[in-house]
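Q: I would like the atomic coordinates for the input below:
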Amino acid sequence: MSVLEDSPDAAPDTRALLLRLQEMLEKARGLFMSASVSVNREEFGALLADAIEALPEELRQARWLLKERDDVLERARREADRIIESARVRAERMVERTEVVREARRAAEAIIEQAERHGAQIRHEAEDYVDRKLAAFEVVLDRTLQQVHKGRERLQVNIEPAEVVDEDEDGGAFFDQDEGSNPV
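A: Residues are numbered from 1 along each chain as shown. Alright, predicted model coming up:
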């Protein structure tokens, strides 16, 4: 069992092991007239072995974390690209709809304007038609009225004052048409 392990299942912390080695080196007794120090070879070796043993696991975890980070970044980038593309498509559709709506409004306004012009033209043509028919009717009516006047003129007889006949003398000759009627 290594020096820093608390339980047999605990993974050694490489940083802690390396710090412990550094501390051991700093506290080591220096040799006389030398830059060298004296350390307990067995304790130093055990700590170094534990650090070396922990390195591959920590490197593996670090690599896994880096790969996981790269995967997360790639998924985020793909999701961002998808969102951007979706937003672009949506914006294009909105622009198209806006353009379609604008074009439809322009077309509707043009159709309404054309219909109003056409309606005004038909109204004017109808008014002209009615005016022509009324003028023709007026001519016919005027001719008819003239004929009526001529006919009435022909029927008018100039009656010259006739002798006034007394009814008693003639025996009611003035009212011959009343013969056979009952006197009152």
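Q: other SSEs contacting the top helix by length along the chain?
A: Counting residues, the longest helix in the chain under DSSP state H turns out to be helix 41-155. Using 3 or more Cβ pairs under 8 Å, 6 or more residues apart in numbering; DSSP states H and E, the elements in contact with helix 41-155 are helix 14-27. C-betas here are computed from N, CA, C, even on glycine.
Q: On the C-terminal side of the helix it packs on, identify the next helix or strand.
A: The C-terminal neighbour of helix 14-27 among helices and strands, as given by DSSP states H and E, is strand 29-30.
Q: Whichever helix or strand comes after that next one pairs with which strands, and in what direction?
A: With elements assigned by DSSP H and E, the helix or strand that comes after strand 29-30 is strand 37-38. According to DSSP bridges, the neighbouring strands of strand 37-38, each with its direction, are strand 29-30 (antiparallel).
Q: any residues touching the partner strand, and which ones?
A: S36, V37, S38 (Cβ atoms under 8 Å, 6 or more residues apart in numbering).
Q: The nearest residue in space to the first one that is not next to it in sequence bridge partners, please.
A: In space, and not counting its chain neighbours, S36 is closest to G30: 7.4 Å by Cβ to Cβ, 6 or more residues apart in numbering. Per DSSP bridges, the residues bridged to G30 are V37.
Q: what's the neighbour count on G30?
A: G30: 10 surrounding residues under other Cβ atoms under 10 Å.
Q: Now do it, the pLDDT please.
A: We note a pLDDT of 78 for G30 in this prediction.
Q: now do R123
A: Spelled out, the predicted local distance difference test score at R123 is 93.
Q: now do R117
A: Reported pLDDT at R117 in the predicted model: 94.
Q: got a winner among the contacts of strand 29-30 for most neighbours?
A: For the contacts of strand 29-30, the largest number of neighbours (other Cβ under 10 Å) sits with V37, at 13 neighbours.
Q: What separation is there between that residue and R63?
A: From V37 over to R63 the distance is 35 Å, taken as Cβ to Cβ, to the nearest Å.
Q: Least confident secondary structure element in the protein?
A: Sorted by mean pLDDT, DSSP states H and E, the helices and strands of the chain end with helix 167-170, the least confident at a mean of 55.
Q: For this structure, which residues score under the pLDDT cut-off?
A: 1-12, 158-184 (pLDDT under 70).
Q: If we use 50, what do you get?
A: Across the chain, the ranges flagged by pLDDT under 50 are 1-8, 184.
Q: of all the contacts of strand 29-30, which comes closest to D131?
A: Nearest to D131 out of the contacts of strand 29-30 is V37 (Cβ to Cβ; 129.0 Å).
Q: isn't that closest one right up against K27?
A: No. The criterion here is Cβ atoms under 8 Å, and V37 misses it with K27 at 9.1 Å.
Q: Please verify my assumption that D13 contacts A51.
A: No. With the criterion set as Cβ under 8 Å, D13 and A51 do not qualify as a contacting pair; they are 9.2 Å apart.
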